[in-house]
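Colleague: got a structure for you, letters missing:
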């Protein structure tokens, strides 16, 4: 077979066969010294995915190992929910306290501002008086300054102290409220109730027999004699000689207290208090239960004292 010679044209570049030009895509990998050509088929895709994962993990570099634990993440989410619930509960308590403070401030709205201002000044003077508070209260009672508005001002301060849990302030204001209330009731009470209060205050807490003797003497000095001669014959008239002065009764006879009136009013009060005291005594050792038990015990002791005074007045003889 004869050889065929093809004419070749001269060119400035070297001829490269078409077989070397491949249409397949490729990636150029750069290194410090060389350039390598590598196919970007499935192996290249896996490599790029691995590189992305490495980049993503690099963003969280330095975090604790628990960060990648699903159980730990669930616990943290639960703690977050509990914290939000706690914050919401505290916010509701704060709003409730604000509403209570607003309600306390609105209690005195119906009273004249000038009277409220004077009542607050009076209560402040009681608080600053300290040991001389008794004299201040009695002086204010004589001037007629002790009113329901004064009690309301003390009660508002006591209510605020209870919400702020100021125990010393609560104790002081509670005693002040009771003392002012007692003085107001004493001024408004009948002669029988005033005498009963004075007789109860004579008790020193120890000598019961000596207390009853003092009460008997006080009753004899207070109640008029009830024998027929003292009723029919005026004081200062000598029935044996039929001589003496007979005049009009004194002007203060309207305030005269009879023993029968004292017995009637004290017996009615005693029955009323006994009806209110039928509730069962609270049980328990918590502070509120102990305080309620002590208060109930004090009331029962006072009831026994009133019963003793009532019996003494019934059997009283001159």
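Modeller: Nice, I can see it. What you see is a predicted model; the values in this text were computed from it and never measured.

Colleague: any idea whether residue 206 is helix, strand or coil?
Modeller: coil (DSSP: H, G, I helix; E, B strand; the rest coil).

Colleague: how close does it get to residue 85?
Modeller: To residue 85, residue 206 is 57 Å away according to CB to CB, to the nearest Å. Every residue, glycine included, has its C-beta placed from N, CA and C.

Colleague: ok, which stretches of this protein are strands?
Modeller: Applying DSSP state E to the chain gives strands spanning 26-30, 35-39, 237-238, 243-244.

Colleague: the lengthiest helix in the chain - contacts with which helices or strands?
Modeller: Assignment by DSSP state H gives helix 70-106 as the longest helix of the chain. Judged by 3 or more CB pairs under 8 Å, 6 or more residues apart in numbering; DSSP states H and E, helix 70-106 is in contact with helix 148-163.

Colleague: quick one: buried residues of the helix it packs on?
Modeller: By 16 or more other CB atoms under 10 Å, the buried positions in helix 148-163 come out as 149-161.

Colleague: identify, from those, the entry nearest to residue 264.
Modeller: residue 151 (29.2 Å; CB to CB).

Colleague: how many residues are close by residue 75?
Modeller: Residue 75 has 12 neighbours, counted by other CB atoms under 10 Å.

Colleague: which stretches of the protein form helices?
Modeller: 42-59, 70-106, 113-129, 133-142, 148-163, 167-188, 191-201, 208-222, 228-232, 259-276, 287-314.

Colleague: next, format those as CSV and append mean pLDDT.
Modeller: Output for those, formatted as CSV (pLDDT from 0 to 100):
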stretch, mean pLDDT
helix 42-59, 49
helix 70-106, 86
helix 113-129, 90
helix 133-142, 88
helix 148-163, 89
helix 167-188, 88
helix 191-201, 89
helix 208-222, 90
helix 228-232, 56
helix 259-276, 88
helix 287-314, 84
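
Colleague: how about residue 111: what's its closest non-neighbour residue?
Modeller: residue 149 (5.7 Å; CB to CB, 6 or more residues apart in numbering).

Colleague: should've said residue 259
Modeller: residue 223 (4.3 Å).

Colleague: pretty sure that neighbour contacts residue 258?
Modeller: Yes - between residue 223 and residue 258 there is a contact at 6.7 Å, judged by CB atoms under 8 Å.

Colleague: neighbour count for those two, which is higher?
Modeller: Using other CB under 10 Å as the criterion, residue 223 and residue 258 rank with residue 223 on top: 19 against 14.

Colleague: for residue 179, see how far away that one is.
Modeller: From residue 223 to residue 179 the distance is 29 Å (CB to CB).

Colleague: could you do residue 73 as well?
Modeller: Distance from residue 73 to residue 179, by CB to CB: 63 Å.

Colleague: what does residue 310 give?
Modeller: From residue 310 to residue 179 the distance is 26 Å (CB to CB).

Colleague: with residue 316 instead?
Modeller: Going from residue 316 to residue 179 by CB to CB gives 31 Å.

Colleague: give me the neighbour count for residue 309.
Modeller: 24.

Colleague: wait, it sits on residue 266?
Modeller: Yes - using CB under 8 Å, residue 309 is in contact with residue 266, at 6.9 Å.

Colleague: now the common contact residues for these two.
Modeller: Residues touching both residue 309 and residue 266 (CB atoms under 8 Å, 6 or more residues apart in numbering): residue 196.

Colleague: returning to that earlier point: which ones are touching the residue nearest to residue 259?
Modeller: 257, 258, 259, 262, 316.

Colleague: tell me the pLDDT at it?
Modeller: On pLDDT, residue 223 comes in at 87.

Colleague: run through who's touching stretch 120-137.
Modeller: 140, 145, 146, 150, 153, 154, 157, 172, 176, 179, 180, 183.

Colleague: the third one against residue 184, yeah?
Modeller: Yes - Residue 146 lies in contact with residue 184 (CB under 8 Å); the separation is 5.1 Å.

Colleague: rewinding a little: of residue 206 and residue 85, who's got more company?
Modeller: Comparing residue 206 with residue 85 by other CB under 10 Å, the one with more neighbours is residue 85, at 10 against 7.

Colleague: still on that earlier bit, surely the residue nearest to residue 111 meets residue 115?
Modeller: Yes - under the criterion of CB under 8 Å, residue 149 is in contact with residue 115, at a separation of 5.9 Å.

Colleague: which neighbours do the two share?
Modeller: By CB under 8 Å, 6+ apart, no residue touches both residue 149 and residue 115.

Colleague: so who does residue 179 touch?
Modeller: 133, 134, 137.

Colleague: just the buried ones from those, in ChimeraX syntax?
Modeller: Listed next is the ChimeraX selection for buried residues among those, using 16+ other CB under 10 Å:
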select :133,137
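
Colleague: nothing else from me, thank you.
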